[in-house]
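Asks: next input, structure requested:
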Amino acid sequence: MRRFPHRPPIPDATEAKLREKTEVIFQVPAGDARKETARQVYGVSRQSQWFQPVVTALRSLCGPGELCMYCSSNEPSQVEHYRPIAVFPEHAMEYHNYLWSCDICNRTYKGGRFPPNTEPGERILNPLEDDVWEHFFIEEQFGRLLCRVDPATSERLPRAISTCEVVGIDRENVQLKRVNRYRNLRRDAARMLVEFQEGSLNVVALKSEITTWRSEPFQADIADYFLNGPGRSKEPFKSVLIAAGELVS
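Replies: Residues are numbered from 1 along each chain as shown. Below is the predicted model:
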């Protein structure tokens, strides 16, 4: 996971169409019939041309490489219902309920799970609404995404626990990609810092390198954490950002 810009608006005509489809769902009595209607309405709508601005808006949020909003590792291909249709059919056609996700996060792991409605636990994090770094930090040695601890209770934050368990965002192959990206970024940052200190790299060039690191499509959560988030206090990133004028020493 990583932090995202605000959800962009979609055309008024698309919003109107989504509301129209939501009304169709609400016309069916609550229960299994409404859930089945919601699945059918969404399935047909997803293939319709009028729905494409929704996909375009979600894809635009993901940045270069359009990595999954959950794992920040795989290429997404699916509109994911944050509140699943199997539990919340009324939200099946609501734009604010949509995310852009890979098949592994969406189907292999999350599916229709949504604690506490489907199982014990706290509500999972929404990548477009919650600040992921308030709930997690990245452990550098193995690339793990570790839950932060509540200082009042010394217990891991419950929403972080649920998100890891339900969506599988810290699965082993994601850890491996994450730690490799971290090592590469740390190596590049250390090299650029030496070149800057030796005078062979000026501030403009250093800023350009930092911009490139932030926009690289592979493992975007590493760049967000160490260049934009709490990891900026770690070396060599701290010194690089100070040299570029983005941090005060």
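
Asks: for the rest of this, base every contact and every neighbour count on C-alpha atoms.
Replies: OK.

Asks: could you point out the helix or strand that follows the helix or strand of the chain with the lowest mean pLDDT?
Replies: The helix or strand with the lowest mean pLDDT-type score in the chain, counting by mean pLDDT, DSSP states H and E, is helix 220-223 (a mean of 90). Helices and strands here follow DSSP states H and E; after helix 220-223, the next one along the chain is helix 237-243.

Asks: helices or strands up against that following helix?
Replies: The helices and strands touching helix 237-243, judged by 3 or more C-alpha pairs under 8 Å, 6 or more residues apart in numbering; DSSP states H and E, are helix 172-198.

Asks: rewinding a little: the least confident helix or strand of the chain: how far from the chain's middle?
Replies: In this view, helix 220-223 has its centroid 10 Å away from the chain centroid, taken as C-alpha atoms, centre = their mean, to the nearest Å.

Asks: check contacts around the residue nearest the centre of the chain.
Replies: To find the centre residue of the chain, average its C-alpha atoms and take the closest one (C-alpha atoms, centre = their mean): that gives M69, at 2.9 Å. By C-alpha atoms under 8 Å, 6 or more residues apart in numbering, the contact set of M69 is M1, R2, C62, P76, L99, W100, S101, P127.

Asks: TSV for the residues you listed, including neighbour count, pLDDT and secondary structure?
Replies: Compiled in TSV, those are given as follows (neighbours: other C-alpha atoms under 10 Å; pLDDT from 0 to 100; DSSP: H, G, I helix; E, B strand; the rest coil):
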residue	neighbour count	pLDDT	secondary structure
M1	28	89	coil
R2	24	92	coil
C62	24	88	coil
P76	25	85	coil
L99	27	97	strand
W100	29	95	strand
S101	27	95	strand
P127	17	94	coil
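
Asks: sweet, I'm off.
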